[in-house]
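Student: fold the following and give me the result.
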Amino acid sequence: MLSVELRGVTLGFGRGPARVTALDRVNLVLDPGIFTVISGPSGSGKTSLISVLGAMIDPDEGALMVEGRDVAKFSARQRSAFRREKIGYVFQSFRLMPALNAEENVQLSLEIRRVGNTKQLAKNALEIVGIAAKAHLRPDQMSQGEKQRVAVARAIAHKPAIVLADEPTASLDAANGAQITRLLMNIARDKERVVAIVTHDPRVLPEAQRVVRLEDGRVQGDRRWRV
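Tutor: Next up, the predicted model:
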């Protein structure tokens with residue numbers, strides 16, 4: 001079964017007296033099939049944590065174990081391949097290409113990942129997020145909530161083992177935020193996929209099956225509900 005584990009992860013920025021510790025000896029295991037929310041105040045280390053989980057930043061100390069391998073020890077080429085094949089990432093700011101319609105945005109992501117059958121996979125992903133009828137629209141023709149749905153479709157189209165989201169509801173109103181939260185929760189039901197989001201949005205917490213609380217770069221709470 002897929003497992004994702006941080007072992008003694010420490011990460012800091014700067015040097016000498018100006019050095020700031022973002023993560024301080026973090027131990028965390030993420031299981032598939034559970035909608036995990038990582039919460040905490042600004043500056044608690046949430047974005048640093050998800051950046052390490054997504055192999056975008058190497059920790060100064062510790063390990064990122066995925067399927068028994070320490071990703072932190074991968075070469076730059078291996079990490080790039082790992083991110084391309086294993087990770088689906090949802091950004092707060094959508095990051096859609098303005099000149100492309102929804103389907104083309106998803107297809108472009110698949111092409112970059114060198115995945116075949118891009119048109120059908122893009123259609124399937126847009127269907128999953130409930131926006132297939134607007135596949136022909138460009139970002140400037142869509143609402144904020146619709147754009148985030150396209151961003152989620154882009155993240156899951158290549159069927160990644162790990163889906164990560166950084167403040168996915170921060171740019172959305174209450175109704176759209178709730179829809180995106182439920183969408184990610186449904187995606188997390190896949191027993192072969194790890195789904196984790198970081199947020200300071202209290203509206204997300206009631207939908208979580210597990211809440212990990214960060215403060216000052218450390219795990220200060222870890223509550224799991226029966227699923």
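Student: which elements pack onto the host helix or strand of Asn186?
Tutor: Assessed by DSSP states H and E, Asn186 sits inside helix 174-187. Contact partners of helix 174-187 among helices and strands, from 3 or more CB pairs under 8 Å, 6 or more residues apart in numbering; DSSP states H and E: helix 144-156, strand 162-166, strand 194-199. Quick note: C-beta positions are derived from backbone N, CA and C, even for glycine.
Student: mind listing what's buried in stretch 127-147?
Tutor: 128-129, 131-132, 134-135, 137-139, 142, 145-147 (16 or more other CB atoms under 10 Å).
Student: touching that stretch from outside, list them.
Tutor: Residues from elsewhere that reach stretch 127-147 (CB atoms under 8 Å, 6 or more residues apart in numbering): 94, 96-103, 105, 122-123, 126, 149-150, 152-153, 156, 171-173, 175-176, 179-180, 183, 187.
Student: and what of stretch 80-94?
Tutor: Contacting residues not belonging to stretch 80-94 are listed as 54-56, 66, 71, 74, 112-114, 139, 147-148, 150-152, 154-158, 160-168, 170-171, 184, 197 [CB under 8 Å, 6+ apart].
Student: now do the phi/psi pair for Ile128.
Tutor: phi -60, psi -40 (degrees, to the nearest 10).
Student: what of Thr36?
Tutor: The phi/psi pair for Thr36 (degrees, to the nearest 10) is phi -100, psi 130.
Student: which pLDDT value does the model give it?
Tutor: Note for Thr36: predicted pLDDT of 96.
Student: so where's this structure shaky on pLDDT?
Tutor: Scanning the chain with the threshold set as pLDDT under 70 gives 226-227.
Student: go with 80
Tutor: 1, 226-227 (pLDDT under 80).
Student: which residue ranges of it form helices?
Tutor: 46-53, 76-86, 102-112, 118-128, 144-156, 174-187 (DSSP state H).
Student: return the set of buried residues in the longest one.
Tutor: If I follow you right, that is helix 174-187. 176-181, 183-185, 187.
Student: so how far is that helix off the chain centroid?
Tutor: 14 Å (CA atoms, centre = their mean, to the nearest Å).
Student: likewise for the fourth one?
Tutor: Relative to its chain's centre, helix 118-128 lies at 19 Å (CA atoms, centre = their mean).
Student: that helix to helix 144-156, inter-axis angle?
Tutor: 130 degrees (axes from the mean of the first three to the mean of the last three CA atoms, to 10 degrees).
Student: quick one, helix 118-128 and helix 174-187 angle?
Tutor: Put simply, helix 118-128 runs at 120 degrees to helix 174-187, going by the same axes, to 10 degrees.
Student: mind listing what's buried along helix 118-128?
Tutor: Within helix 118-128, the residues scored as buried using 16+ other CB under 10 Å are 118, 121-126, 128.
Student: pipe those into a markdown table and attach distance to Asp222 per row.
Tutor: Shown next, in a markdown table, are these (distance: CB to CB, whole Å):
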| residue | distance to Asp222 |
| --- | --- |
| Thr118 | 39 |
| Leu121 | 35 |
| Ala122 | 37 |
| Lys123 | 38 |
| Asn124 | 34 |
| Ala125 | 31 |
| Leu126 | 35 |
| Ile128 | 29 |
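Student: what does the helix holding Asn186 rub up against?
Tutor: Against helix 174-187 from outside (CB under 8 Å, 6+ apart): 35, 90, 128-130, 143-145, 148-149, 152, 156, 163, 165, 168-169, 172, 193, 195, 197, 201, 203-204, 207, 209.
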